[in-house]
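K.L.:
Quick one, what's the 3D model for this:
(chains A and B)
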Number of protein chains: 2
Amino acid sequence: MKSFSDRLYDAIRQKGTPVLVGLDPRWNMLPAVLVQGNEQATWAQKTAVFESFCRTVIDIVAPLVPAVKPQAAFFEQCGPEGMLSLGRVIQYATSKGLLVILDGKRNDIGSTAAAYAAGMLGQESPWGADALTVSPYLGDDSLTPFVDVAGERGAGVFILVKTSNPGGAMLQDKIAEGIPVYRHVAEFVHSLAEKSWEQTQGKSPYGSIGAVVGATWPAQLTELRQVMKRTWFLVPGYGSQGGGAADVAGAFDEDGLGAIVNNSRGIIFAWRSPKYAESFGEKQWERAIEQSTRDMIADLAAQTLAGRLKKGPR
Amino acid sequence: MKSFSDRLYDAIRQKGTPVLVGLDPRWNMLPAVLVQGNEQATWAQKTAVFESFCRTVIDIVAPLVPAVKPQAAFFEQCGPEGMLSLGRVIQYATSKGLLVILDGKRNDIGSTAAAYAAGMLGQESPWGADALTVSPYLGDDSLTPFVDVAGERGAGVFILVKTSNPGGAMLQDKIAEGIPVYRHVAEFVHSLAEKSWEQTQGKSPYGSIGAVVGATWPAQLTELRQVMKRTWFLVPGYGSQGGGAADVAGAFDEDGLGAIVNNSRGIIFAWRSPKYAESFGEKQWERAIEQSTRDMIADLAAQTLAGRLKKGPR
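P.N.:
The predicted structure follows:
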């Protein structure tokens, strides 16, 4: 099976953009037509609406972007039935040719981490995600089980390095041995990504072990791009969290590769933003999703090296 | 509603022990009678067996211990249907009068963390756990949503501080500003626990925000008990990971309170250990679970201040 890194490389070049659409269904932000006066819905009713909403988003963005990122928390909050919906959303996105990066930020000690990895990673797993986000607080022996399973199944892992939220600084920016904690994590992730690349040596210059680095930290994106030469970046925090196209410029290499930039609320609830409220409004929420996706693709192409993607060889 | 801390306090004193039984169903370790030659079971078949196994464990330990800790990973590895089983196991344990600490090690940025908290914490939530384990890498604004929901619903949170695995040292033991990273986390958790206690000021001298500190680190257990005066400890790593009763002695206060000590494999798969293999063996796996639970209760009572629990006032 092709490595995750090569599959991501192909998908980004095929679509000509590194835009990643986050599937974060929030009940209070859905278009009224979907809620249909059912404000007091049970969780089972909510998850059915979430699933239908996500399928529509997938239909709209599948021709435009390489991948989607379902956020596990919004399905898990609906209880066990929400997880059935999440499973079907992953399957549906896969059937539409999208790569699926499941945002679960899971982890545990080694033998338990192996259970998460085996269950979630790879199309032969019961969840069938192409990649999973993972938290590093438990250290090296909690991360290697994900790396092993990812290697065996052509799957990917994105390890939290520098998260987009302000509070992330509490631990991640503490200086230890002369460098911030996130930099220690970055160096370990880099070593895993190097090994991952050496094992496959495919078309992509990157390994299948990636890093999460927030769009809200432009300087760190540039710093880490320099020291993590074989590491894909998953960049959250674009749009509603304040990161813009210029902020993520440092995440890309000279070919416009090396990063995928996530936008959740700014795309799936685009009709709520002033930019699209007037031209589309709530009734045309689907058209707002399409237009905001196209606009983000254009913004990244104009303001970052991702603009070179369309001009590069296929 | 009574605070989680007071409910845990009552449950520990009622049962006279701080033993916490971990529900970690592992397919390859189950008694043969449950697997019944079905080694090539589908995940849906496996999760049905996991659920039935956990119900039996709950039946055996419910009269003996205050709480159980289902490990989300072993259900999640079975795919979406595994999560339905997990939901039913939580309900069943609750119906048997046990407190349920869901070991999910979840977290995310603030607004997403709120979704996990709302979905998982409190009997009015769709998962209905009494408490949840949470990872601190995303920092303060990722932790406060759990604290808020826990306070509103009489639920609890256990934040990872010093994990039981060797690799945990990679980040947690890095020295920053003169103290290890885990100590920085401990001080933040301590401040949350203080606030939590001030809000309720119930019978228990602890707040409803707890810390995870591994049995494999006896010196740190003692150190942290001294500086976290209002913080319950959830102590994993007892038994199969190498921690013994003497190792966890530092976790308790003078009344034998302040900690719950988890044992998963050492109890639920007790018939596999040399100690119980001869006297019970695989056919009497249920009796081995009961005896190993009673033995752990006795060991903690003999070697730690938890021995005072039975003698204290009710």
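K.L.:
what's the pLDDT at the spatially most central residue of chain A?
P.N.:
With distances taken as Cα atoms, centre = their mean, A:K69 lies nearest the centre of chain A, 4.6 Å away. The predicted structure scores A:K69 at 98 on the pLDDT scale.
K.L.:
I would like the residues contacting the helix or strand containing it, please.
P.N.:
Of the helices and strands defined by DSSP states H and E, A:K69 is found in strand A:67-70. For strand A:67-70, contacts defined as Cβ atoms under 8 Å, 6 or more residues apart in numbering or on different chains pick out A:8, A:11, A:20-23, A:54, A:57-58, A:61, A:86, A:89-90, A:93, A:98-103, A:130, A:234, A:260, A:262, A:264. From N, CA and C alone the C-beta is placed, and that goes for glycine too.
K.L.:
What about chain B: which of the residues you listed touch it?
P.N.:
Among the contacts of strand A:67-70, the residues within reach of chain B (Cβ under 8 Å from any Cβ of the partner chain) are A:L86, A:D103.
K.L.:
Next step: the contacts of strand A:67-70 restricted to strands.
P.N.:
Among these, the ones falling in strands (DSSP state E) are A:L20, A:V21, A:G22, A:L23, A:L99, A:V100, A:I101, A:L102, A:D103, A:L234, A:I260, A:N262.
K.L.:
what sits opposite the residue nearest to the centre of chain A in the beta ladder?
P.N.:
A:G22 (DSSP bridges).
K.L.:
on that earlier part again, centre of the chain to the helix or strand following the strand holding A:K69, how far?
P.N.:
Of the helices and strands lying after strand A:67-70 in sequence (DSSP H and E), the nearest is helix A:72-76. Taking Cα atoms, centre = their mean, to the nearest Å, one finds helix A:72-76 lying 15 Å from the centre of the chain it belongs to.
K.L.:
Need the residues that contact helix A:72-76.
P.N.:
With Cβ under 8 Å, 6+ apart as the contact definition, helix A:72-76 has outside contacts at A:23-26, A:47, A:50, A:82-83, A:85-86, A:89, A:102-104, B:106, B:108, B:112-113, B:115-116, B:119-120, B:127.
K.L.:
are any of those residues buried, and which?
P.N.:
Buried subset of the contacts of helix A:72-76 (neighbour count, 16 or more other Cβ atoms under 10 Å in any protein chain shown): A:23-26, A:47, A:50, A:82-83, A:85-86, A:89, A:102-104, B:106, B:108, B:112-113, B:115-116, B:119-120, B:127.
K.L.:
quick one: contacts for the closest residue to chain B within the stretch 101-250 of chain A?
P.N.:
Closest contact between the stretch 101-250 of chain A and chain B, by Cβ to the nearest Cβ, is at A:P126 (2.6 Å). When contacts are counted by Cβ under 8 Å, 6+ apart, A:P126 touches A:G87, A:G119, B:W43, B:Q77, B:C78, B:G79, B:P80, B:E81, B:G82.
K.L.:
try it again with 10 Å
P.N.:
Taking Cβ atoms under 10 Å, 6 or more residues apart in numbering or on different chains as the criterion, A:P126 is in contact with A:87, A:118-120, B:42-44, B:46-47, B:76-82.
K.L.:
Among those residues, the buried ones, what's the PyMOL command?
P.N.:
Entered in PyMOL, the line below selects the buried ones among these, by 16+ other Cβ under 10 Å:
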select buried, (chain A and resi 87+118+119+120) or (chain B and resi 43+46+47+76+77+78+79+80+81+82)
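K.L.:
so which of the contacts of A:P126 would you say is closest to B:S204?
P.N.:
Distance from B:S204 was checked for each of these by Cβ to Cβ. The minimum falls on B:E76, at 31.7 Å.
K.L.:
what's the distance between the closest one and B:V33?
P.N.:
Taken as Cβ to Cβ, to the nearest Å, the spacing of B:E76 relative to B:V33 amounts to 25 Å.
K.L.:
same question, A:F252
P.N.:
Taken as Cβ to Cβ, the span from A:F252 to B:V33 is 57 Å.
K.L.:
ditto for A:A219
P.N.:
60 Å.
K.L.:
need the helices for the stretch 51-200 of chain A, in chain order.
P.N.:
All helices of the stretch 51-200 of chain A, identified by DSSP state H, counting those that start in this stretch, fall at A:72-76, A:80-95, A:110-120, A:140-153, A:169-172, A:181-200.
K.L.:
Just to check, A:T304 is in contact with A:F252?
P.N.:
Yes. Between A:T304 and A:F252 there is a contact at 5.4 Å, judged by Cβ atoms under 10 Å.
K.L.:
give me every residue that touches A:Q71.
P.N.:
A:22-26, A:86, A:102-105, A:133, A:236, A:262, A:264, B:108, B:112, B:115.
K.L.:
Among the contacts of A:P126, which one sits closest to B:E282?
P.N.:
Comparing every one of those with B:E282 (Cβ to Cβ), the shortest separation belongs to B:K46, at 18.8 Å.
K.L.:
Tell me which helix or strand that closest one sits in.
P.N.:
Assigned by DSSP H and E, B:K46 falls within helix B:43-61.
K.L.:
from the middle of its chain, how far away would that helix be?
P.N.:
The gap between the average C-alpha position of helix B:43-61 and the chain average comes to 18 Å, counting by Cα atoms, centre = their mean.
K.L.:
for it, packing partners?
P.N.:
Contacts defined by 3 or more Cβ pairs under 10 Å, 6 or more residues apart in numbering or on different chains; DSSP states H and E place helix B:43-61 against strand B:19-23, helix B:32-35, strand B:67-70, helix B:72-76, helix B:80-95, helix B:265-268, helix B:285-303.
K.L.:
Alright, I will stop here.
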